[in-house]
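Student: this one's structure only:
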């Protein structure tokens, strides 16, 4: 090609070009499809305009989709089997573009040596789909699979392999850069060593294996596919421990086995401690005092934080930040010397600091009554506790002013002040724990641009932490008010007003967290098992001193324990408050307000748990009516039974009865297995095991029959039901299948809620003991082979009848529709006829599922209007 600004691929071209490489990202032509012109200083064209001519070679000419694509973009083309007539020399009138279906055929090598433009069919199809003219590339371009991608290589030793990879990248529209920079979109790595690997981690650049390029080339003919897609690229991530052989020292057998399993899962391997093939020794720094051998120069001895940190960022972390140093090593001695106190009383201060840290470790348990301090600390308010109010600048300033005033400092404060100080100390510890939860756990999980992508989904973060920020905000203000109160202390100051001031805020902040604490804990456990990066994140933070080696679940339980602890301390303050002190009445009100908050939390929690149980029923029962969800409804009882009659389902069906405070949900076990449900978070939910049969109000149950145990009937009961759609009483008979269910307890519970629904006080009168033979109810041969075969034949018969039926409408519905359109006189006649027919029929036929019962169970027939609703 004539212009010298075009970079061509000659035989002597370098394998990796420098950062000034001619980008094979494709430059579009002008509207007139002009390929290349150069402009002079005066703005006039130096070269004449050259038009595009497309030559379809071999199979490309027989591709109908390719021909149509060129017609759609109005690009002239020629079909040829001989490329020599076009590729021998340059034509001043046309810029010839050759379309080849294969880049390893003789035609390709012939055209490539003569520096002709070569593209593949996917490029033409891509341009046609985008309604754009053919794109320009200085290299042979087969597809746009890697368009706009810039790649860099590291860790390769086989030059032939890398040469092949570079050619494939160029053929897919990608760019190769020798030096790593911010313009690099992907790093192709064979190992986790090298400077490029470290820079890519710091910049968050994806690091993939060479297989990514090969798999992308396999999909080169897919016009809609791009190699940069996250779902495709994530399959080829370089694992954190690739080419690493680890050994573990100082861990328990269970923890070491877990870490070894994680190592294999993340691309590494492990050997015994001391093996020469090991590259890393991971040390539990709190239990290992001395290494069993002297490590070599190329051997890394790292803390366990390096192991978990590598999993968290999904890449091998730098060892220099996590090197293990013995306590008596020169580096450790130098660090200690820099931190040592150089005053004459340094030994005493170090001992006091050590005692302070030990006390802080104990006080993080947030007991309502912290350990007793030495008398000197209580009297003089010295630095015996970092949580002591004397450490605050305001307190020190107040003490200084008091010492200068004429009023002498009281050598010993009252018991009321001591307990108030304990309240402040525990409140300060509690606020620190809430701050630790937010700073170490919540904020990093919510941070954007996390290395390796988000550790958890935002929905999971909200589920875990809930209203912790609101609780933290309220208690931060309570702590501030308590600190001001103790700084300017007097016996007349009111502690109770501080609590009363924020009682409404406590009611708003606590219930959302306490109610869903179990769900929060379950989410943590599930995510820790399913997501290794989250497990590593928790391990790293748990080892930090701010957590006191406590897990996230142990920290999150503190809000559940805090309000009872505050109530105990306020009650202790009230005991040390004189009767003539106005704060005594205020403290009583404050204690009552805390009890009201806890009562509100407990009631709200019970309601939440009840609603959760109803949701569980809705998820468990396929086709469950939506009106089951109600704020006034709660689940009371669940029993597993076997149907003994033909209603509400076939005999022998496994039936679950869900008793609510106002209705009874009847569901049977499903016969078919449905596919699993997948949520937007990628979590799968098992298919509902039950099928909805009926949702029956308790007011429709006329009588509960306790069937006596006989040789043919054991552990059975029956319900006399009058649905609004029936003119006769129905008999639903069941046998309890669960051994844990006591029949008389279940029947009494059912009758009590029926009586509450129909406003009757005589709940016991609803139960009637009956001989099962009088109702033709039997539990005999329920599990026999003949009975099972009979039930299977009956189900098959119903399916066949339903399949060959000309109408799926029940006969009763047709009769009602006919009555609705008939004159009123005809309706009365038909109704009288139906009544006489039903009575005569039922007297002749005695069915175990629909029987004639005494008149006490009868009800007059009602004519239902269009507005009548049926819940059955």
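Tutor: Sure, I can see it. This one's a predicted model, so the numbers in the text were calculated from it and none came from an experiment. Numbering: from 1, shown residues only.

Student: low-scoring stretches of the stretch 501-650 of the chain, by residue?
Tutor: 605 (pLDDT under 70).

Student: all strands in it, in order from the N-terminus.
Tutor: Ranges of strands in the stretch 501-650 of the chain, per DSSP state E, counting those that start in this stretch, are 621-622, 635-643.

Student: Over to the stretch 701-850 of the chain?
Tutor: Along the stretch 701-850 of the chain, the stretches classed as strands by DSSP E, counting those that start in this stretch are 701-707, 716-721, 730-736, 767-770.

Student: CSV for those strands, including distance to residue 758 and mean neighbour count?
Tutor: Placement of C-beta: from N, CA and C, glycine included. Converted to CSV, the strands of the stretch 701-850 of the chain look like this (distance: least, CB to CB, whole Å; neighbours: other CB atoms under 10 Å):
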stretch, distance to residue 758, mean neighbour count
strand 701-707, 9, 21
strand 716-721, 14, 23
strand 730-736, 18, 23
strand 767-770, 15, 14
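
Student: for those, which one sits closest to residue 653?
Tutor: Proximity to residue 653, assessed across these by CB to CB, is greatest for strand 730-736 (10.0 Å).

Student: Off-centre distance for the closest one?
Tutor: Relative to its chain's centre, strand 730-736 lies at 43 Å (CA atoms, centre = their mean, to the nearest Å).

Student: What are the contacting residues of that strand?
Tutor: 639-645, 647-648, 655, 657, 707, 714-723, 743, 746, 775, 777, 779, 782, 848-851 (CB atoms under 8 Å, 6 or more residues apart in numbering).

Student: now that strand: mean pLDDT?
Tutor: In this model, strand 730-736 has a mean pLDDT of 90.

Student: Stretch 210-227 now?
Tutor: For stretch 210-227, mean pLDDT rounds to 90.

Student: about what we covered before: could I get the strands of the stretch 701-850 of the chain as a markdown table with distance to residue 669?
Tutor: Shown next, in a markdown table, are the strands of the stretch 701-850 of the chain (distance: least, CB to CB, whole Å):
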| stretch | distance to residue 669 |
| --- | --- |
| strand 701-707 | 23 |
| strand 716-721 | 19 |
| strand 730-736 | 14 |
| strand 767-770 | 27 |
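
Student: do you know which of the strands of the stretch 501-650 of the chain lies nearest residue 695?
Tutor: Closest of the strands of the stretch 501-650 of the chain to residue 695 is strand 621-622, at 9.5 Å (criterion: CB to CB).

Student: tell me what the closest one is packed against?
Tutor: strand 690-697 (3 or more CB pairs under 8 Å, 6 or more residues apart in numbering; DSSP states H and E).

Student: As JSON lines, the strands of the stretch 501-650 of the chain with mean neighbour count and distance to residue 264 would be great.
Tutor: Formatted as JSON lines, the strands of the stretch 501-650 of the chain follow (neighbours: other CB atoms under 10 Å; distance: least, CB to CB, whole Å):
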{"stretch": "strand 621-622", "mean neighbour count": "20", "distance to residue 264": "41"}
{"stretch": "strand 635-643", "mean neighbour count": "19", "distance to residue 264": "43"}
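
Student: Columns distance to residue 448 on top of the ones you listed, output as TSV?
Tutor: Converted to TSV, the strands of the stretch 501-650 of the chain look like this (distance: least, CB to CB, whole Å):
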stretch	distance to residue 448
strand 621-622	40
strand 635-643	41
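
Student: Which among these is found nearest to residue 537?
Tutor: strand 635-643 (36.9 Å).

Student: Just checking: what are the partner strands of the next helix or strand after the closest one?
Tutor: Past strand 635-643, further along toward the C-terminus, the next helix or strand under DSSP states H and E is strand 654-660. Applying DSSP bridges to the sheet, strand 654-660 is found paired with strand 635-643 (antiparallel), strand 663-669 (antiparallel).

Student: Strand 654-660 - what's its average pLDDT?
Tutor: Per-region confidence: strand 654-660 scores 91 on mean pLDDT.

Student: what do you get for stretch 275-290?
Tutor: 86.

Student: now stretch 138-146
Tutor: Across stretch 138-146, pLDDT averages out at 88.

Student: now swap in stretch 247-257 and tell me
Tutor: Mean predicted confidence for stretch 247-257 is 88.

Student: Quick one: the helices in the stretch 51-200 of the chain, in order.
Tutor: Using DSSP state H, counting those that start in this stretch, the helices found in the stretch 51-200 of the chain span residues 64-72, 84-87, 106-113, 121-130, 159-171, 195-203.

Student: Kindly report the same for the stretch 701-850 of the chain.
Tutor: Under DSSP H, counting those that start in this stretch, the stretch 701-850 of the chain gives helices at 743-758, 785-803, 811-820, 824-844.

Student: By mean pLDDT, show me the worst of these.
Tutor: Ranked on mean pLDDT, the bottom entry among those is helix 824-844, at a mean of 43.

Student: thinking residue 265 is in contact with residue 532, fair?
Tutor: Yes - using CB atoms under 8 Å, residue 265 is in contact with residue 532, at 7.1 Å.

Student: more crowded one of the two?
Tutor: Shown here are residue 265 and residue 532; by other CB atoms under 10 Å, residue 532 has more neighbours (18 against 12).

Student: if I read this right, that one contacts residue 262, doesn't it?
Tutor: Yes - the pair residue 532 and residue 262 passes the contact test of CB under 8 Å, sitting 6.3 Å apart.

Student: Can you check which residues contact both of those two?
Tutor: residue 311.

Student: what does stretch 110-124 rub up against?
Tutor: So stretch 110-124 is contacted by 1, 8-11, 54, 60, 63, 66, 69-70, 83-84, 87-88, 95-101, 103, 108, 134-135, 137, 140-145, 171, 220-223 (CB under 8 Å, 6+ apart).

Student: Stretch 562-575 too?
Tutor: Here stretch 562-575 makes contact (CB under 8 Å, 6+ apart) with 366, 368, 416, 419-420, 422-423, 426-427, 430, 475, 495-496, 499, 506, 510, 584, 587-588, 590-591, 594-595, 597-598, 601.

Student: For residue 213, which residues are in contact?
Tutor: 165, 168, 169, 188, 227.

Student: Neighbour-wise, give me the winner out of these.
Tutor: Top of those by neighbour count (other CB under 10 Å): residue 227, with 27 neighbours.

Student: so how far is residue 102 from that one?
Tutor: When CB to CB, to the nearest Å is applied, the distance between residue 227 and residue 102 equals 20 Å.

Student: now swap in residue 476 and tell me
Tutor: Separation of residue 476 from residue 102 (CB to CB): 70 Å.

Student: and if you look at residue 495?
Tutor: Here residue 495 is placed at a distance of 86 Å from residue 102 (CB to CB).

Student: Counting neighbours around each, name which of those two comes out higher.
Tutor: More neighbours surround residue 495 than the other of residue 495 and residue 102, with 24 against 14 (other CB under 10 Å).

Student: can I assume that one is in contact with residue 587?
Tutor: Yes - using CB under 8 Å, residue 495 is in contact with residue 587, at 6.6 Å.

Student: where do the strands sit along the stretch 1-150 of the chain?
Tutor: Under DSSP E, counting those that start in this stretch, the stretch 1-150 of the chain gives strands at 51-57, 77-80, 94-99, 117-119, 150-154.
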